[in-house]
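**Q** Fold the following for me, if possible:
(one chain, ligands or ions: 1)
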Amino acid sequence: MKIYNLKKTFENFTLSIDDLHIPQGKIYGIIGPNGCGKSTLVKIIANTIKKDSGKIDYEGLTSKDITMVPRKSYMIHDTVYNNLVYPLEIRNIKPRREIVDEYLKLADFNNEANKYAPGLSGGQMQKLALIRAMIFSPKFTIIDEGFSNLDIESTFTFEKEILKRQKENPATWIIISHQISSVSRLCDYIYFMWDGKVIAEGDRENMIYNPKIPELKRYLQTVSLS
Ligand SMILES: Nc1ncnc2c1ncn2[C@@H]1O[C@H](COP(=O)(O)OP(=O)(O)OP(=O)(O)O)[C@@H](O)[C@H]1O
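**A** Below you'll find the predicted structure:
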């Protein structure tokens, strides 16, 4: 994906991305302090909000190839099972029970497929939102703070699953997180945003363990690296 001269202005904030290339098939992290524009950028990529100007070249990806696990999980007023198979149904893919069961197991819903999804806990909803995104193996997945309510064991389970899938069948992932340890375990390449712009980018060794610019150094000092 290639992004050129992207602009989006709210009353007190402007997102301004001159030139951003996101080659397919890798796991990318977007990090940066609160309010720097991470969510605004990915919402524009996922087309859930409109840009004011600029161009995004999706390089052949269509809206059906792109999925976003947003910060606040949206649940259909139905069971865990029906929430999970929803992305398959809208793509006319018949859910295979053994595959659906694997995903239910991954998110610890073994005996809870018939539970009412909007009644789940915050962490359970995030897990359901994650497996609901993963079940149709999208080419481009955005996870915007999608691990923020997970306990550490579940975080590791999902990290492991993403890395395993990536090895078998590389896709593009964008992970937004203040959990830098997670970003460091998952991401091949990291973008650092500051005040509406991407002001540094590079591989994880350079960005996290050898940051060059003072803004990134300061940001990393304020978030846990444990
Ligand atoms: N719909 C909106 N209306 C007005 N301002 C908005 C809107 N959406 C975002 N903003 C503003 O844009 C700025 C960037 O917000 P954004 O959610 O993209 O930041 P972020 O980097 O994801 O932050 P955080 O780490 O806190 O989640 C903020 O100042 C926010 O208040």
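
**Q** How about the residues of this structure by the ligand?
**A** With CB under 6 Å from any ligand atom as the criterion, the chain meets the ligand at residues 10, 11, 13, 32, 34, 35, 36, 37, 38, 39, 40. In short, each C-beta sits where N, CA and C put it, glycine included.

**Q** Closest one of those residues to residue 88?
**A** residue 39 (26.8 Å; CB to CB).

**Q** which residue sits closest to that closest one in space, ignoring its chain neighbours?
**A** residue 144 (5.6 Å; CB to CB, 6 or more residues apart in numbering).

**Q** Now do the SS call for residue 156.
**A** Put simply, residue 156 is helix when judged by DSSP: H, G, I helix; E, B strand; the rest coil.

**Q** An error on my part: the question was meant for residue 129.
**A** helix.

**Q** can you pull the contacts of the residue lying closest to it once chain neighbours are set aside?
**A** Closest residue to residue 129 apart from its sequence neighbours, by CB to CB, 6+ apart: residue 73 at 3.9 Å. Each residue near residue 73 by CB atoms under 8 Å, 6 or more residues apart in numbering is listed here: 125, 126, 128, 129.

**Q** if I look at the residue lying farthest from the centre of the chain, how far off is the ligand?
**A** The C-alpha centroid of the chain is most remote from residue 111, which lies 27.1 Å away (CA atoms, centre = their mean). Going from residue 111 to the ligand by CB to the nearest ligand atom, to the nearest Å gives 34 Å.

**Q** now the helix or strand hosting residue 124, how far from the centre of its chain.
**A** Assigning secondary structure by DSSP states H and E places residue 124 in helix 122-134. Chain-centre distance of helix 122-134: 12 Å, with CA atoms, centre = their mean, to the nearest Å.

**Q** Which positions in that helix come out as buried?
**A** 123, 124, 125, 126, 127, 128, 129, 130, 131, 132, 133, 134 (16 or more other CB atoms under 10 Å).

**Q** next one: stretch 146-154
**A** Applying 16+ other CB under 10 Å to stretch 146-154 flags 146, 147, 148, 149, 150, 154 as buried.
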